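S.K.: Got a sequence here, can you model it:
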Amino acid sequence: MIEVTRLDGKVYYVNPHHIEYIECNPDSTLTMLSGKRLVVKESYELLLERIIEYRSRIGAFKNEE
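M.R.: Below you'll find the model as predicted:
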C-alpha cells in the first residue's frame, strides 16, 4: 500500500496494483480499476517513486526481469 493525501488533508493508503492510470490536471488524479477517482496532493513524480519503492519492497520486480 502507498500513502496518498486527499485535498482535504486526509491520509489514505491505496493498493498501487489497483491504479489504472494517473492524470495531472493540475492535481494528481488516480483512476482505480473500479472506476473510482481519487484527487491527491502528491505529484506524479512522488507517486511514481512510492509505487516503485512499494514494488521493490514486495519483490514484484523479480518476476519482471
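
S.K.: from here on, contacts and neighbour counts on C-alpha atoms
M.R.: Fine.

S.K.: Tell me which residues of the lowest-mean-pLDDT helix or strand in the chain come out buried.
M.R.: Every helix and strand in the chain was compared by mean pLDDT, DSSP states H and E; the lowest is helix 44-57, with a mean of 95. Using 16 or more other C-alpha atoms under 10 Å as the test for burial, helix 44-57 gives Y44, L47, R50, I51, Y54, R55.

S.K.: Let me have these in JSON lines, extended by distance to L38.
M.R.: As requested, the buried residues of helix 44-57 are exported to JSON lines (distance: C-alpha to C-alpha, whole Å):
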{"residue": "Y44", "distance to L38": "13"}
{"residue": "L47", "distance to L38": "13"}
{"residue": "R50", "distance to L38": "16"}
{"residue": "I51", "distance to L38": "16"}
{"residue": "Y54", "distance to L38": "19"}
{"residue": "R55", "distance to L38": "21"}
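
S.K.: Sheet partners, orientation included, of the helix or strand hosting E3?
M.R.: In this assignment (DSSP states H and E), E3 forms part of strand 2-5. If you go by DSSP bridges, strand 2-5 pairs up with strand 11-14 (antiparallel).

S.K.: can you list the residues that contact the partner strand?
M.R.: Contact partners of strand 11-14, identified using C-alpha atoms under 8 Å, 6 or more residues apart in numbering, comprise M1, I2, E3, V4, T5, R6.

S.K.: Generate the ChimeraX command that creates a selection of the buried members of those.
M.R.: What follows is the ChimeraX syntax selecting those of those that are buried according to 16+ other C-alpha under 10 Å:
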select :4
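
S.K.: Between all of the contacts of strand 11-14, which two are separated the most?
M.R.: M1 and R6 (15.4 Å; C-alpha to C-alpha).

S.K.: For N25, give me its contacts.
M.R.: By C-alpha under 8 Å, 6+ apart, N25 lies in contact with nothing.

S.K.: Distance-wise, check it relative to K10.
M.R.: Distance, N25 to K10, by C-alpha to C-alpha, to the nearest Å: 20 Å.

S.K.: Identify the residues contacting the strand holding E3?
M.R.: V11, Y12, Y13, V14, N15, P16, V40, K41, E42, R50, I51, Y54.
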